[in-house]
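Trainee: Just a sequence and a predicted model for now, questions to come.
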Amino acid sequence: MRTQVVIVGSGPAGLLLGQLLEKAGIATILLEQKSKDYVLGRIRAGVLEQGAVALLDEAGAGARLHREGLVHEGTEIAFSGVRHRIDFKALTGKTVTVYGQTEATRDLMDARAALGAPSIYEALDVSLHDLESERPRVRYAKDGKNFEIACDHVAGCDGFHGVSRRSIPEERLRTYERVYPFGWLGILVDKPPVSEELIYVNHARGFALCSMRSMTRSRYYLQCRLDEHVEDWPDDKFWEELARRLDPEAAKNLQTGASIEKSIAPLRSFVAEPMRYGNLFLAGDAAHIVPPTGAKGLNLAASDIAYLSAALIERYKKGSSAGLEAYPQKALARIWKAERFSWWMTQMLHRFPESSGFDQKMQGAELDYLFSSKAAQTALAENYVGLPY
Ligand code: FAD
Ligand code: PHB
């Protein structure tokens, strides 16, 4: 087999890149190790920046998002039992859209199928070869048979645990990492959300987040210990603990029910530099991870793809590699700012097991300043709605 770009991974990064390239007349083959249903069963992010929405539109996958997505003009932060609103629209002129990653992924899969572009699901043992040459090759196994694809470029969009980053020799990669001493226990429930906007909660018992997928489906998170398991958290215990962390009005509005999904995600900050090795280009979680507190993971994957798709299109349409040369530097400049914002939000809103009295006073002062200063709120809002591409 031969194609122009092999895309490894059928998450938002890989699917979005596939759409933008195919629409520009560039041939791609997409390889995914899991089944389509497995990919669609993963509950992950829920908040899209305007830039990500614009890219989904450009990819021809934005119609349902505009019908069903919820436009949010602000968010609330609760501390000491009192909620404070950050008005994104008034402070930045911008909004965010609440639309599940699962739904965006489904729309992108449908759009790819409509173009007739090849996707190979359950492609096992994907391996990358001759990445520093003009003719990289990608091998995989499917239904017990081995295959090889020759291509010009490989896009490594296969997430944090994927094969792409691991295919780069260690001495050519520099990694930066912070692992946080807690995780998020998430629950999905078919009940209306407690409030029209998201509520981020700093509470003495730990962080909590009230989010949603629609006006009839809610997503809630609790900060939990790293040694806890989903089985330790039957629904009743989850609802009881959530209600304790909410302000009285939110607790009163909380509608509980049987969970339709429950999972624990550890929190991590991670960046691998550069994002290129020969003709392999990394994008999304394959190159970087942010803790979810700033709702940046999926949005960063989208901005990487905005840069990478433009660079590949320039390469094929104008014969210039300048965009590809500049890709890591351009993408990383935005990534580090999102890393900083996500780290800052995490630091400000969680209870750290080792924190001293001084650390807690600093956290209180940070929040107090935020609630009293328009400048501080603008800085939060500007980052939350997304820095420009
Ligand atoms: P992914 O979505 O991870 O897609 C990578 C794809 O590559 C996967 O489908 C995977 O199966 C495939 N793959 C992996 N290895 C191989 C291989 N060897 N061969 C072929 N295919 C392979 N962000 C938020 O903003 N809010 C959240 O609440 C939130 N929750 C999250 C919860 C979890 C458990 C995780 C893991 C992430 C969460 N994120 C969240 C982050 C956000 O979902 C990611 O940033 C986003 O999915 C990145 O998209 P991606 O396409 O780069 O990677
Ligand atoms: C979500 O709805 O899953 C969500 C929303 C905001 C975040 C993280 C996750 O910061």
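Mentor: Arrived safely, thanks for sending. Ligands and ions are numbered 1, 2, ... in the order given.

Trainee: Can you name the next helix or strand after the longest helix seen in the chain?
Mentor: In the chain, ranked by residue count with DSSP state H as the criterion, the top helix is helix 322-349. Remark: after helix 322-349, the chain's next helix or strand is helix 357-372, criterion DSSP states H and E.

Trainee: Can you tell me which helices and strands that next one packs against?
Mentor: strand 74-79, helix 322-349, helix 374-385 (3 or more Cβ pairs under 8 Å, 6 or more residues apart in numbering; DSSP states H and E). All C-beta spots, glycine's among them, are computed from the backbone N, C-alpha and C.

Trainee: Ligand 1 is nearest to which of the ones you listed?
Mentor: Of all the helices and strands packed on helix 357-372, helix 322-349 sits nearest to ligand 1, with 8.8 Å by Cβ to the nearest ligand atom.

Trainee: List the residues that contact the residue of the stretch 251-389 of the chain found nearest ligand 1.
Mentor: The minimum distance from the stretch 251-389 of the chain to ligand 1, using Cβ to the nearest ligand atom, falls at residue 284 (2.1 Å). The contact partners of residue 284, taken as Cβ atoms under 8 Å, 6 or more residues apart in numbering, are 9, 11, 12, 13, 14, 157, 159, 300, 301, 304, 305.

Trainee: what's the most buried one of the helices and strands packed on helix 357-372?
Mentor: Stretch with highest mean neighbour count among these: strand 74-79 (a mean of 21; mean count of other Cβ atoms under 10 Å).

Trainee: Buried residues, the next helix or strand after that strand. List them.
Mentor: Once the chain leaves strand 74-79, the next helix or strand it forms, by DSSP H and E, is strand 82-87. Neighbour-count burial for strand 82-87, with 16 or more other Cβ atoms under 10 Å as criterion, is recorded at 83, 86.

Trainee: Which neighbours in the sheet does strand 82-87 have, and how are they oriented?
Mentor: Using DSSP bridges, strand 82-87 pairs in its sheet with strand 74-79 (antiparallel).

Trainee: and the angle for the partner strand with helix 357-372?
Mentor: Angle of strand 74-79 versus helix 357-372, following axes from the mean of the first three to the mean of the last three Cα atoms, to 10 degrees, is 140 degrees.

Trainee: ok so, going back, averaged pLDDT, the longest helix of the chain. What do you get?
Mentor: For helix 322-349, mean pLDDT is 98.

Trainee: just checking, what packs against that helix?
Mentor: strand 199-202, strand 259-273, strand 276-277, helix 297-318, helix 357-372, helix 374-385.

Trainee: Tell me if I'm right that residue 258 and residue 234 touch.
Mentor: No: in this structure residue 258 lies outside contact range of residue 234 using Cβ atoms under 8 Å: 10.6 Å.

Trainee: who's more crowded, the two?
Mentor: Set residue 258 next to residue 234 and count neighbours by other Cβ atoms under 10 Å: residue 234 wins out with 12 against 8.

Trainee: any idea how far the more buried one lies from ligand 2?
Mentor: To ligand 2, residue 234 is 21 Å away according to Cβ to the nearest ligand atom, to the nearest Å.

Trainee: Any idea how many residues pack against the residue of the stretch 51-200 of the chain found nearest ligand 1?
Mentor: Here the residue of the stretch 51-200 of the chain nearest ligand 1 is residue 159; by Cβ to the nearest ligand atom that distance is 2.8 Å. By other Cβ under 10 Å, 20 other residues sit near residue 159.

Trainee: Now do the SS call for it.
Mentor: coil (DSSP: H, G, I helix; E, B strand; the rest coil).

Trainee: Chain neighbours aside, what residue packs nearest to it?
Mentor: Of all residues not flanking residue 159 in the chain, residue 285 sits nearest, at 4.4 Å (Cβ to Cβ, 6 or more residues apart in numbering).

Trainee: Just grab the bridge partners of residue 177 for me.
Mentor: Per DSSP bridges, the residues bridged to residue 177 are residue 270.
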